[in-house]
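Participant: My questions are about this predicted structure, shown below with the sequence.
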Amino acid sequence: MGIAPTLAVTQPAFWPLTLILFLPAIVAGILALPIIPRGKDDSVRWVGLATTIAVFILSLWMAVPAIFGAGSPGQFAVGDAGMQAVVKQPWIPAFHIEYLLGVDGISMPLVLLTTFLSVLAAAASWPIEKHVRPYWILFLLLETGMIGVFVSLDFFLFYVFWEVMLLPMYFLIGIWGGPRREYAAIKFFLYTLAGSVLMLLAILMLYFASDVRTLSDDQLLATHVVSPVLEGADRAAALTAVHSAPKPIHTFNLLALAAIGQSPASPFAATSFWGMTLESWAFLLLLIGFVIKVPVVPVHTWLPDAHVEAPTPISMILAGVLLKLGGYGILRICYPICPGAGLSFAWLVCGLGVVSMVYGAFAALAQKDFKRMVAYSSVSHMGYVMLGLGVWSAVAGHEYQWDAWAQGVNGAMFQMLAHGISSAGMFFMVGVLYDRVHHRNLEEFGGIFNRMPLYASLAVAIFFAGLGLPGLCGFIGEVLVTLSSWNYSRLLAVCSAFTVILTAAYILWAIQRVYLGAEYKGPHGDHLTPMTRRELAIAVPLVVLAIVFGVAPQLIFNYITPTVNRQVETLAEWTRSIHDGHPAAAGAAAAATDEGSVGFQAAIDSFSVGGGR
Amino acid sequence: MNPDRNLGALLDGTLHDTLAVSLPHFRPELCLAATIVLLLLCRMLPLLRRVDSGFLALGGVLFSLFFAWDDVLALGGGAWASSLGDLLAGRKELFGGLLAFDSLTAYIRLLLAGFLVLFILFTKVSGIPDSEDGADFYTLVLGATLGMCLMASANHLLMVFMAVEMASVPSYALAGLLKGRKASSEAALKYAVYGAGAAGIMLYGLSLLAGVLGTCHMPTMARELASLGSMWMPGGTGMALAIGGLLVAAGLAFKLSAVPFHFWCPDVFAGAAAEVGAFLSVASKAAAIALLLRVAFGLGTPAPGADHDGTLAALGETRHFIVGIVALLAALTCTLGNLAAYGQTNMKRLLAYSTIAHAGYLMMGVAAAVALAGRDAGASRSAVAAVCFYLGTYVFMNLAAFAIVALLRNSLRSEEIASYAGLIRTNPGIVVATGIVLVSLIGLPPLAGFISKFLVFSSVMEAVSLDAERPLMLVLLVVGGINTVISLFYYLRVLKVMTFDPPPAERTADAFPLVSIPGALVTALVVPVVSLGIFWSGLYAFARLAGAFAS
């Protein structure tokens, strides 16, 4: 495309973001070399933990400027809706594939969640005695893969990181897992690979249909197809080079694809096969790939197996981060790039969400295995995420109230983050117990409160957070999603509200069976020792965060709301222009928008002390 | 050949064509031929018998590699890596039109020569052939490679047949290299019988085509085909052409080990030494794919010249026919190869089926390239480039896979997958190397196999989006996607055995460590598998150069 290679100097986020992304992989490579002699397992553990901590601090430096003193270039500006800290380097010019990274209000909190949970999971990996070195190598590779998915803005790069996670996860479950680990590992791999092959097809479909020449100069700059760091003549030359290209210039740039997908004459809206538009096909293929990861009924069956067999830290990562990748993909890729399909398949996304919500809750009620119950609770909780994302385009059929969409998506985002905290906590709490008594049978527990009071209190707090008790983090997301779905479908709203009762039932019942009761009668009763300091160091931050985010949700909303609202607003505008056929009628509609937005803003303000936006 | 000229002028013309035009582009083959003669001479003279035939062969191949590289440089002008403009194929006809020299020839020859260098080093490390068999072995290998070079440049149906035979006959003997082993002899016999049958069928097909079109020179045949108009002309001409085409396709499918002409492949791979398997699965496959491109493009597109566009349009039906056959074979080959690999317990047999499956993916790329030829020349070139890139990465992936099998056989005395159980405990380095190779064969990023698959699939998708043979290409995409998922099982099963399973109690020998000569060889082969997955612009630039042949 003739874009002059931009120097890292002009991209202040280049090194911070690259380091956050690749530091774990680099350390994994170093660990693979025989630098630390055999047998020094503790050194390997400390190196691994130190790496995750370093990455966490780096991401904290980037995401929360308030802590380290704001103003350094490359830091994240909270409250800014746009894509920030963009890093752009050519990778494969022949296919316009770029090393394109960036974070915004949607991805930054998820990156922070990933690095934070990685630290805790690393700390939780201490009891792993078998093949310590390979374990840590794979663990660190996994972290790079997860962060990579959240920060990639190039679809090809995104796909590479998406797949890079598979193999470490396969081995982490398959080698360090429980008795049925091989089955669980291959099942996980197979489900995800099937989804990602479909995703690859969708990527190629979109790539070949795209043409960045149709974008305006402003759009080219905003989507970083032409780097906005270029000045004056360079910029003009680069823009001219794009517009004067004799043949279509395809792109993997997610932002550009979104701009093309939302343009009035979107090439993705052309009819493709069997009477469906290209974007419908792409949307469905991508959706399948993503909902397998979420996971959604009926493609959820890998999850309980993987969770039950995976070692505790890997369960924490699985539930805390991996499931969020699916929701993130839907939010970042499916809707902005294929808005038309998102509109027509809203019922599908919402329906899938509610079905998994209810099914997951009932399944959790029926479980005898403590960990399996928690796994099904994840299915149920991620259903809220799907519903929240789904109502997004839903209201468009009736009236253009974007506040309900925004409420749903904000709720879904919050739910993802809150679930990251609470589910990781729940799995850790199950793991603590399992390490002591080596079973997870709910029927054989009881009386833990008497034996381990501190542990039991922390565990109950985390489980209440998962239940969605007001004042804890699980509440906010569920409430926002349920409220927002009311506008779309009363039935779905009633179902999701009803699920709260089911959730309360299985969690309270589990608490009753495990923690309450007179005395512990199961096996290995004498091993029920109090929590170690290491375990406390993992559990306490999770509990604290669960409370903090429950009491002060604006800490999260400050990040996500500007970006989410802007995306929703843009798409509302797009829907209006498509529906009414006259994009110029923005004035009247904008008034309605303002009116509509009051409701959600009020809701945010009522949570917030410092003001949301 | 102008009849007005007298004999002297004709001789002068031929001499000029041979010496000034043809031979300068024939240097890599000449080097191989000279090396073969030297190898044979060394056997005859007692003094020279001590010369190590492996290193002698290596020397000759290095010369050949140098000249092949020189040809590529001359074509690319040394500046291809940066410029992505229109590359020139530099097409020339050699030896009175029997051979064609262009960027595809140059690329495949470079690939073959480079592969041979690695291959000879690998055989020196693995110890098969021993010094007794060495001269025979390397003579056969170089002879077969010579045939393969000709396959990559054939421009005339007679040459197609000659080249295929020249590549095949030494391969039959190679399959029987382990003389004492029954399985090896059986493999050689099976291969030879199959090969003879396929050659007969192909020859029949060639004669049908030549009979109808009056020539064997492919560009002329294309012109004739274009002037015939519709294939479904009265009088059975069209039928004769179609049958001829099908029979030729059968002969090519045998070389490609495409389903349903693949039955020799697993038996030969399982019976012959792993070294021979490596040679057949990489070199033979690369040459067969190049030949398929040659024939498909030779008959389906006009050579550069007058009325290019009109002829191209007139050949639409021919291309439709070719795409249909190739796509069908590709889908069948891929699916059956992957399904059959699932039940294998012998590593070489598994790799044989994996080779078959990969031939299927490669043929998908060829089908897309031919389909796109009438629609968008640039896209067609990209599709050829995708296939050529695939072949480039395939050299490393499969050579590494067979090298690991051979070297593990040397230390474990077994090629059964079960005997690899628990190797991770003792030899983590080897297991990681195997893992990288197998995962790359599945086609997962960030490894070279993924990029290859990505490129081929994207070409097929481009054909879909440009509406070139859309239904067929859609089928290919779906088949390719499903197959990728299926293939996960059997590759991963090997890894599972190596890592999850406990080592067998009776294992006495240890596998070789990574820090050793065999280990260094494996490392040298595996490093490109990783690095080509991340930094693939360089090889892709070469592949694009090769793709320029589809003008």
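Facilitator: Arrived safely. Numbers count the residues shown, from 1 in each chain, chains lettered A, B, ... in the order given.

Participant: Flag the shaky bits of chain A, pLDDT-wise.
Facilitator: Confidence mapping of chain A against pLDDT under 70 gives the ranges A:1-9, A:70-71, A:393-401, A:579-613.

Participant: can I see the domain layout of it?
Facilitator: Listed by automatic domain parsing, the domain ranges of chain A are A:1-320, A:345-569.

Participant: residues of the helix or strand harbouring B:T335 that come out buried?
Facilitator: Using DSSP states H and E, B:T335 sits in helix B:316-341. By 16 or more other CB atoms under 10 Å in any protein chain shown, the buried positions in helix B:316-341 come out as B:317-323, B:325-341. For every residue, glycine as well, the C-beta is placed using N, CA and C.

Participant: So for that helix, mean pLDDT?
Facilitator: Per-region confidence: helix B:316-341 scores 92 on mean pLDDT.

Participant: about what we covered before: nearest to B:S126, of the domains of chain A?
Facilitator: Ranking the domains of chain A by proximity to B:S126 (CB to CB) places domain A:1-320 first, at 25.9 Å.

Participant: how many other residues sit next to the residue in the stretch 451-600 of chain A positioned nearest to chain B?
Facilitator: The minimum distance from the stretch 451-600 of chain A to chain B, using CB to the nearest CB, falls at A:I578 (23.1 Å). A count of nearby residues for A:I578, using other CB atoms under 10 Å in any protein chain shown, gives 17.

Participant: That one and A:G340 touch, don't they?
Facilitator: Yes - with contacts defined as CB atoms under 8 Å, A:I578 counts as touching A:G340 at a distance of 6.9 Å.

Participant: hang on, the earlier thing: if you count neighbours, what's buried in the helix or strand hosting the residue of the stretch 451-600 of chain A closest to chain B?
Facilitator: Taking DSSP H and E as the definition, A:I578 sits inside helix A:554-580. By neighbour count, with 16+ other CB under 10 Å as the criterion, the buried positions of helix A:554-580 are A:554-578.

Participant: Okay, now the unreliable bits of chain B?
Facilitator: For chain B, the stretches with pLDDT under 70 are B:1-5, B:76-89, B:229-235, B:306, B:508-509, B:551.

Participant: got the residues of it near chain A?
Facilitator: Those residues of chain B that sit near chain A, judged by CB under 8 Å from any CB of the partner chain, are B:84, B:378, B:424, B:428, B:432, B:439, B:444-446, B:450, B:454, B:457-458, B:461-462, B:464-466, B:474, B:477, B:481-482, B:484-485, B:488-489, B:492, B:496, B:499-500, B:536-537, B:540-541, B:544.

Participant: Is it possible to mark the buried ones in the residues you listed?
Facilitator: Listed as buried from those are B:424, B:428, B:432, B:439, B:444-446, B:450, B:454, B:457-458, B:461-462, B:464-466, B:474, B:477, B:481, B:484-485, B:488-489, B:492, B:496, B:499-500, B:536-537, B:540-541, B:544; burial here means 16+ other CB under 10 Å.

Participant: Scan chain A for its longest strand.
Facilitator: Under DSSP state E, the strand in chain A containing the largest number of residues is strand A:84-92.

Participant: sec struct for A:Y99, please.
Facilitator: For A:Y99, the secondary-structure state derived from DSSP: H, G, I helix; E, B strand; the rest coil is strand.

Participant: show me where the stretch 1-150 of chain B has helices.
Facilitator: Defined through DSSP state H, counting those that start in this stretch, the helices belonging to the stretch 1-150 of chain B, from first to last, are B:7-16, B:27-44, B:53-76, B:103-126, B:131-153.

Participant: Measure how buried the residue lying closest to A:P470 once chain neighbours are set aside is and give me the count.
Facilitator: Excluding its sequence neighbours, the residue lying closest to A:P470 (CB to CB, 6 or more residues apart in numbering or on different chains) is A:G550, at 7.5 Å. Neighbourhood size, A:G550 [other CB under 10 Å]: 22.

Participant: Okay, and A:G550 sits in which element?
Facilitator: helix A:533-551.

Participant: That helix packs against which elements?
Facilitator: Packed against helix A:533-551 by the contact rule (3 or more CB pairs under 8 Å, 6 or more residues apart in numbering or on different chains; DSSP states H and E) you find helix A:107-124, helix A:402-437, helix A:453-467, helix A:473-488, helix A:554-580.

Participant: Nearest to A:S280, out of the ones you listed?
Facilitator: A:S280 lies closest, by CB to CB, to one member of the helices and strands packed on helix A:533-551: helix A:554-580, at 14.1 Å.

Participant: between the closest one and helix A:107-124, how many degrees?
Facilitator: On the basis of axes from the mean of the first three to the mean of the last three CA atoms, to 10 degrees, helix A:554-580 is oriented at 140 degrees to helix A:107-124.

Participant: in stretch A:296-310, what counts as buried?
Facilitator: A:296-297, A:299-300, A:302-310.

Participant: Quick check: closest non-adjacent residue to A:G408.
Facilitator: Of all residues beyond its chain neighbours, the one nearest A:G408 is A:S484 (3.5 Å), with distances taken as CB to CB, 6+ apart.
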